[in-house]
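1. only the shape, not the letters, is given here:
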DNA sequence: GAACCCATGTAAGTTGTTACATGATTGA
DNA sequence: TCAATCATGTAACAACTTACATGGGTTC
């Protein structure tokens, strides 16, 4: 149940609404966790039932925006999750790779398009994460600013450092995928040429 | 519905049983797709209902091993999937990363363990994929041998090349993760030392 | 007043996990 | 004969997706 803990984690930065959380969890390539509002709202209510968060609707709020706030029990649960549990790496389920394996009986053109689409996809991600990394390093990344404001004294450089490391990881991943696919395209081009020469 | 197409794809290499498929989908770090037998057996029956595969139990087979074979309709469906559909990249859901973000209020020791576990995990994967890559290059990788046997004439080097590229991708990913976490550990060690000097 | 954003919700369906259940064969 | 492996299956549950639904606020 990672959504639960992702929500608790975000709520340690500031109390906010399900709508805002849904925005955070949708934007920027899903940040590190994607979830839809139809999953977030019920989960927040379950968290409230469990006493891990509280919620209230502002007195004069006609829209009915419900603001969620993490409780001490919620912080304890998050702390327990962070301390006790090792990261559970999910099983590999890579559509791109299984497609690639079975593309071996398709025309070269189809294979080429596959790698090009892969590069496009990861270039988009690279752009997003590079921008965020840049904003983080300049200290203007909104989420960083908010988190620095609530960070325990003396932990500021850890907060910023870990965000930078996390973003650097995304950048490295995207770069790796692009390099890989570019190499593949080169191989494919060489193979194509070789095939023509021999025929 | 990728499991469907992953199963169809594997069945183009050779007719086999749900049990064997479940083994393939479990071993070797899940290869590129993990699925449990309790998901595979029902899916195979659904594929049979849809006319995409046929199945039969060998005459003298007391164990009741049911061998599935892809039909022309199944091949057509796989072909359609490979040709028409672009790869659908799933939304980002990265437990490791969200854990890392919220570790910023934990002791340095806990953070260090996180990166060490990350390195361990990816070293294991690296070993598996390196071995497979090696076996593939030497032409002794069982799945490669089988697939080469059914490959259309003239496509052998594409078959082997794409498998190599796919495995190379897994190796690169694992290496990237290890490099990333090693850098993070170095940063953490430097930070720890700096902290002690200042205090 | 139309279009768009803010804000929450439900319901149906799919996918995937975990646990339970059964029975045959093989090898120590 | 006991344990491991072969082989398939079901049932309950959890996670996630997609679509539908509602209503207030803002802006042109």
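-> Here it is on my side, so go on. Computed from a predicted structure; not experimentally measured.
2. would you mind measuring the gap between the ends of stretch A:99-106?
-> From its first residue to its last, stretch A:99-106 covers 11 Å (CA to CA, to the nearest Å).
3. which residues touch that stretch?
-> With contacts defined as CB atoms under 8 Å, 6 or more residues apart in numbering or on different chains, stretch A:99-106 is touched by A:110-111, A:114, B:5, B:9, B:12, B:32, B:78-79, B:81-83, B:87, B:147, B:151-152, B:155, B:158-159, B:162-163, B:165-166. Where C-beta positions appear, they are placed from N, C-alpha and C, glycine not excepted.
4. so which of those residues sit within helices?
-> A:110-111, A:114, B:5, B:9, B:12, B:78-79, B:81-83, B:147, B:158-159, B:162-163, B:165-166 (DSSP state H).
5. just the buried residues of those residues.
-> If you count burial by 16 or more other CB atoms under 10 Å in any protein chain shown, the buried members of those come out as A:111, A:114, B:5, B:9, B:12, B:78, B:81-82, B:147, B:158-159, B:162-163, B:165-166.
6. show me the contacts for residue A:25.
-> A:6, A:31, A:33-36, A:40.
7. how about 10 Å then?
-> With contacts defined as CB atoms under 10 Å, 6 or more residues apart in numbering or on different chains, residue A:25 is in contact with A:3, A:6-7, A:10, A:31-37, A:39-40, B:91-93.
8. OK, contacts around the closest residue to residue A:179 other than its chain neighbours?
-> Nearest residue to residue A:179, sequence neighbours excluded (CB to CB, 6 or more residues apart in numbering or on different chains): residue B:172, at 7.4 Å. By CB under 10 Å, 6+ apart, residue B:172 lies in contact with A:173, A:176-177, A:179-180, A:183, B:126, B:129.
9. and these, which is closest to residue B:18?
-> Nearest to residue B:18 among these: residue B:129, at 25.8 Å, using CB to CB.
10. what's that closest one in contact with, if anything?
-> B:28-29, B:31, B:122, B:166-175.
11. any idea how far residue A:140 lies from chain B?
-> To chain B, residue A:140 is 18 Å away according to CB to the nearest CB, to the nearest Å.
12. look at that residue and give its secondary structure.
-> Secondary structure, DSSP: H, G, I helix; E, B strand; the rest coil: residue A:140 is coil.
13. so it sits against residue A:133, correct?
-> No. Judged on CB atoms under 10 Å, residue A:140 makes no contact with residue A:133 at a distance of 11.9 Å.
14. okay, who's weakest in the contacts of residue A:25 by pLDDT?
-> When these are sorted by pLDDT, the bottom entry is residue A:31 at 81.
15. related to what we said a few turns ago, restrict the buried ones among the ones in helices among the contacts of stretch A:99-106 to contacts with DNA strand C.
-> Among these, not one lies near DNA strand C by CB under 7 Å from any atom of the strand.
16. which one among those gets closest to DNA strand C?
-> residue B:5 (10.2 Å; CB to the nearest atom of the strand).
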